[in-house]
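[1] no sequence for this one, just the structure:
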């Protein structure tokens, strides 16, 4: 990244007006760089908070996934113990209102696959 400030030789001002303007421009550049630094810190802070939030959401998802996995295992065990096999003939054969052909999401399609096999 190129530096905002370009190092160059500053000519000696020829008048009080030039000296004043040179000082004003330099002070304005200083203020711009301070604001730029503050903005960079705020962006880093925002990204850090977003990362922390995403970590919490990931923990929730992992916890919920673990709970669902346990539930599925329990259901599979219950079905095996019942002695009744899961018969695919009971699966829906026709397209339902929320089928992929009707524009539902991939997540919904995957859920249907998991439920129906």
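    Yep, that arrived. All values derive from a computational prediction rather than experimental measurement.
[2] Compute the number of surrounding residues for residue 13.
    Counted by other Cβ atoms under 10 Å, the residues lying close to residue 13 total 13. C-beta here means a position set from N, CA and C on the backbone, and glycine is covered the same way.
[3] so it, which of the three states?
    The local conformation at residue 13, judged by DSSP: H, G, I helix; E, B strand; the rest coil, is coil.
[4] Leaving out sequence neighbours, find the closest residue to it.
    The shortest distance from residue 13 to any non-neighbouring residue, by Cβ to Cβ, 6 or more residues apart in numbering, is to residue 19 (4.0 Å).
[5] And the helices in this structure?
    Here the chain has its helices, by DSSP state H, at 16-82, 106-116.
[6] Switch the ones you listed over to TSV; also include mean pLDDT and distance to residue 8.
    Shown next, in TSV, are the helices of the chain (pLDDT from 0 to 100; distance: least, Cβ to Cβ, whole Å):
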stretch	mean pLDDT	distance to residue 8
helix 16-82	92	12
helix 106-116	53	57
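[7] picking up where we left off before, any idea how far the residue nearest to residue 13 is from residue 47?
    Separation of residue 19 from residue 47 (Cβ to Cβ, to the nearest Å) stands at 42 Å.
[8] give the contact list for residue 37.
    Listed by Cβ atoms under 8 Å, 6 or more residues apart in numbering, residue 37 has no contact partners.
[9] gap between it and residue 27?
    From residue 37 to residue 27 the distance is 16 Å (Cβ to Cβ).
[10] doesn't residue 25 make contact with residue 13?
    No. Contact criterion Cβ atoms under 8 Å: residue 13 and residue 25 do not qualify, at 11.4 Å.
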